[in-house]
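Asker: I'd like to go over a predicted model; first the sequence, then the structure.
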Protein chains: 2
Amino acid sequence: MEVTKRPGGRSARVRDAVRNATLAELAEHGFRGLTVENVAERSGVHKTTVYRRWGSVEGLIADALELAAHEPWPVPDTGTVEGDLRGVVELVRSGFEDPELGPVSSAFVAAAMQSPEAARALHAFFEARHDQSAQVVRRGVERGELPVTVDAREVVRVAVAPVYYRLFVAHEPVSREDADRAADAALAAARAGVL
Amino acid sequence: MEVTKRPGGRSARVRDAVRNATLAELAEHGFRGLTVENVAERSGVHKTTVYRRWGSVEGLIADALELAAHEPWPVPDTGTVEGDLRGVVELVRSGFEDPELGPVSSAFVAAAMQSPEAARALHAFFEARHDQSAQVVRRGVERGELPVTVDAREVVRVAVAPVYYRLFVAHEPVSREDADRAADAALAAARAGVL
DNA sequence: GAGTTAACGCAACTGGAGTTGTCTTTGGAA
DNA sequence: TTCCAAAGACAACTCCAGTTGCGTTAACTC
């Protein structure tokens, strides 16, 4: 994306300013409170510029999302699949509890439900996340803790799904125990050979 | 909710007209395309009235959601837990593929992410759904297919979660096989005693 | 069946999101 | 250095979601 003919200097500064402003606004006011005008004012960039380059709030979010997708994320390494997978799920859960990251992450999910552009960006984001997280499952297979037939990415999906389901669909609280149980369930299914 | 001092006659007609118009608009244009003005015009009710009684688009959705929560839904009865749980998950999956129900259901999920009011309504909705669906698990326990210690509602959650996760979070397609696998995974975990 | 008032209809208004046309700045190439 | 075009700034405008004040209708009460 972003086929800019002038990547240097002012354009780059503007882009960074807008991205940072987007994240800051998102953290403060969430997706509902995100407006192009506020982002423009906060970044010091004129609103017409933001409209022309990003088009809308969804565009802003899609752009910020691409940034986030490239950021590395700390895959746990406790020595056992149980510990690692629990760690991954707990990382997800606690991320949404964080007053800084929580609103931003939630905004991403919300935006993707309304904008195909943001949906594509979020899809790519999770594609990357699944790949990274699947590592803990693959290590488990290498250690002989899991059958070689397991679909590592699918195990990750099944493990984290209940957390997202509770948060964004059923709108129930998610405790640490809930997260652990979800990880354990995915693991049990993998051991039983259904994943 | 809805402490109406004049539940009869005109007020009731207005309420029904608006509810139906909301569902119709939702089915046609989805959550993004839902506006108070369109609902007002379609229902033949003046927009001021809609604004005063429902407040906003989210209010309209929350109201429609309460209706949906009370509607019974066909819990499968195939004779085995496998069949029943697969049936439940497949019912969820196919529901979102349905050109009629799909957009409406998706709109509910989307609205709940932006409005506490809709979130509460959706929470109640899933509370009811979980209760009804848990029946298939309880029957499995009675038949001796599952240990008596299982948390029936939790099994349901883990079973359907991957479908919602794929659809609304990771934005991946969900095949029938994916749905079956999710049901099987929850079942395997239940048999292993982790749910 | 007459009075009361909750609920609805109507029209005019407000505010802010998004657009358009034009001028100015500046990055990059010759 | 010079030049040109891409990208940004600015102001003025459009348009529509949401509001307000007031008149009208029709449920409920006695």
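Answerer: Looks like it arrived, so ask away. None of the values given here were measured: they were computed from a predicted structure. Numbers count the residues shown, from 1 in each chain, chains lettered A, B, ... in the order given.
Asker: what stretches of chain A score poorly on pLDDT?
Answerer: A:1-8 (pLDDT under 70).
Asker: and with 50 instead?
Answerer: A:1-3 (pLDDT under 50).
Asker: Show me the longest helix that occurs in chain A.
Answerer: Ranked by residue count, the top helix of chain A under DSSP state H comes out as helix A:116-142.
Asker: Tell me what angle the helix or strand following that one forms with helix B:152-164.
Answerer: Using DSSP states H and E, the helix or strand that follows helix A:116-142 in sequence is helix A:152-164. Per axes from the mean of the first three to the mean of the last three Cα atoms, to 10 degrees, the angle that helix A:152-164 makes with helix B:152-164 is 120 degrees.
Asker: Could I get the buried residue list for the helix or strand following helix A:152-164?
Answerer: Sequence order places helix A:176-192 as the next helix or strand after helix A:152-164, per DSSP H and E. Neighbour counts using 16 or more other Cβ atoms under 10 Å in any protein chain shown place A:178-192 of helix A:176-192 among the buried residues. For glycine as for every other residue, the C-beta is placed from the backbone atoms N, C-alpha and C.
Asker: and of the residues you listed, the nearest to B:R15?
Answerer: Set against B:R15, the nearest of the buried residues of helix A:176-192 by Cβ to Cβ is A:D178 (37.8 Å).
Asker: residues near the closest residue to A:G140 other than its chain neighbours, how many?
Answerer: Leaving aside its sequence neighbours, A:G140 sits nearest to A:V81 (Cβ to Cβ, 6 or more residues apart in numbering or on different chains; 3.3 Å). By other Cβ atoms under 10 Å in any protein chain shown, 23 other residues sit near A:V81.
Asker: Could you double-check that A:V81 lies in contact with A:E145?
Answerer: Yes: between A:V81 and A:E145 there is a contact at 4.8 Å, judged by Cβ atoms under 8 Å.
Asker: Mark out where each domain of chain A begins and ends.
Answerer: Chain A breaks down by automatic domain parsing into domains covering A:10-68, A:74-192.
Asker: first to last residue in the first one, what's the distance?
Answerer: Okay, so that is domain A:10-68. 23 Å (Cα to Cα, to the nearest Å).
Asker: same question, the last one
Answerer: Domain A:74-192 stretches 28 Å from its first residue to its last (Cα to Cα).
Asker: among the domains of chain A, which is nearest DNA strand C?
Answerer: Comparison of the domains of chain A against DNA strand C by Cβ to the nearest atom of the strand identifies domain A:10-68 as nearest, at 3.7 Å.
Asker: So what's the gap between the closest one and the chain middle?
Answerer: Centroid separation for domain A:10-68 versus its chain: 18 Å, with Cα atoms, centre = their mean, to the nearest Å.
Asker: That one close to DNA strand D?
Answerer: Yes: applying Cβ under 7 Å from any atom of the strand, one finds domain A:10-68 in contact with DNA strand D at A:R10, A:S11, A:V14, A:R15, A:G44, A:V45, A:H46, A:T48, A:T49, A:R52, A:R53.
Asker: From the residues you listed, keep the buried residues only.
Answerer: Counted by 16+ other Cβ under 10 Å, the residues of domain A:10-68 next to DNA strand D give A:V14, A:R15, A:V45, A:R53 as buried.
Asker: dump the residue contacts of the last one.
Answerer: Same thing as A:R53. A:R53 is in contact with A:V14, A:R15, A:V18, counting by Cβ atoms under 8 Å, 6 or more residues apart in numbering or on different chains.
Asker: Likewise for the third one?
Answerer: For A:V45, the contact set (Cβ under 8 Å, 6+ apart) comprises A:V14, A:A17, A:V18, A:A21.
Asker: can you rerun that using 6 Å?
Answerer: Counting by Cβ atoms under 6 Å, 6 or more residues apart in numbering or on different chains, A:V45 touches A:V14, A:A17, A:V18.
Asker: Quick one: these as CSV, columns for secondary structure and distance to B:G59 too.
Answerer: Output for the contacts of A:V45, formatted as CSV (DSSP: H, G, I helix; E, B strand; the rest coil; distance: Cβ to Cβ, whole Å):
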residue, secondary structure, distance to B:G59
A:V14, helix, 39
A:A17, helix, 37
A:V18, helix, 33
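Asker: Can you add distance to chain B and give those residues back as TSV?
Answerer: Below are those laid out as TSV (distance: Cβ to the nearest Cβ, whole Å):
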residue	distance to chain B
A:V14	28
A:A17	27
A:V18	23
